[in-house]
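J.: Build me a model from this:
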Amino acid sequence: MDIKQLDAMNAYAQAARTGTSGLTGRDGDDGLSAIGAQGSAFGSLVDGVMGDVAASSGTMETVGVQSLVNQADLVDVVTAVSNAEMVVDTVVTVRDKVLNAYNDILKMPI
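T.: Below is the predicted model of the structure:
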């Protein structure tokens, strides 16, 4: 992992710790009323995606173990592995896009 990615992860962690404090609009409205008191929408999105990755990985492992004891077909194993690979590829692609956007923001003149 390079330095810029670590900077991005540290910035996100700091933003998650501070929450939405200091993000007020012109009328005192924070502009984030749809988020509610549960945290940031991005944080919820990341939690949901990581849950999907864990679920698909668990399914893949379960089907793999079942195939070892002849309780699952090879088609089921291939389908589970393909599904898990697709979910992980999607997460990696979104992560790359977020990091590219962060780097573009860093390059903007003040």
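J.: Which strands or helices does the longest helix anywhere in the chain pack on?
T.: For the chain, the helix with the greatest residue count under DSSP state H is helix 74-107. With contacts taken as 3 or more C-beta pairs under 8 Å, 6 or more residues apart in numbering; DSSP states H and E, helix 74-107 sits against helix 3-18, helix 41-68. C-betas here are computed from N, CA, C, even on glycine.
J.: neighbours of I105, just the number please.
T.: Using other C-beta atoms under 10 Å, I105 has 10 other residues around it.
J.: quick revisit: out of the helices and strands packed on helix 74-107, which gets the lowest mean score?
T.: Within the helices and strands packed on helix 74-107, confidence is poorest for helix 3-18, with a mean of 62 (mean pLDDT).
J.: before we move on, the earlier item: kindly calculate the angle that the longest helix of the chain makes with helix 41-68.
T.: For helix 74-107 against helix 41-68, the angle by axes from the mean of the first three to the mean of the last three C-alpha atoms, to 10 degrees is 160 degrees.
J.: Now helix 74-107: buried residues?
T.: Judged by neighbour count (16 or more other C-beta atoms under 10 Å), helix 74-107 contains these buried residues: 77, 80, 83-84, 87, 99, 102.
J.: what's the average pLDDT for it?
T.: Summarised as a single mean, pLDDT over helix 74-107 is 89.
J.: 836 is where my numbering starts, stick with that
T.: Sure thing, new numbering starts at 836, so read that last one as helix 909-942.
J.: Contacts only, for T897.
T.: T897 makes contact with A915 under the criterion C-beta atoms under 8 Å, 6 or more residues apart in numbering.
J.: wait, V922
T.: Neighbouring residues of V922 by C-beta under 8 Å, 6+ apart: 887-888, 891.
J.: Dump the residues you listed into JSON lines; add distance to N905 as well.
T.: JSON lines is the format used below for the contacts of V922 (distance: C-beta to C-beta, whole Å):
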{"residue": "D887", "distance to N905": "29"}
{"residue": "V888", "distance to N905": "28"}
{"residue": "S891", "distance to N905": "23"}
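J.: Most neighbours among the residues you listed, which one is it?
T.: Compared across those, S891 has the highest neighbour count, 19 neighbours, by other C-beta under 10 Å.
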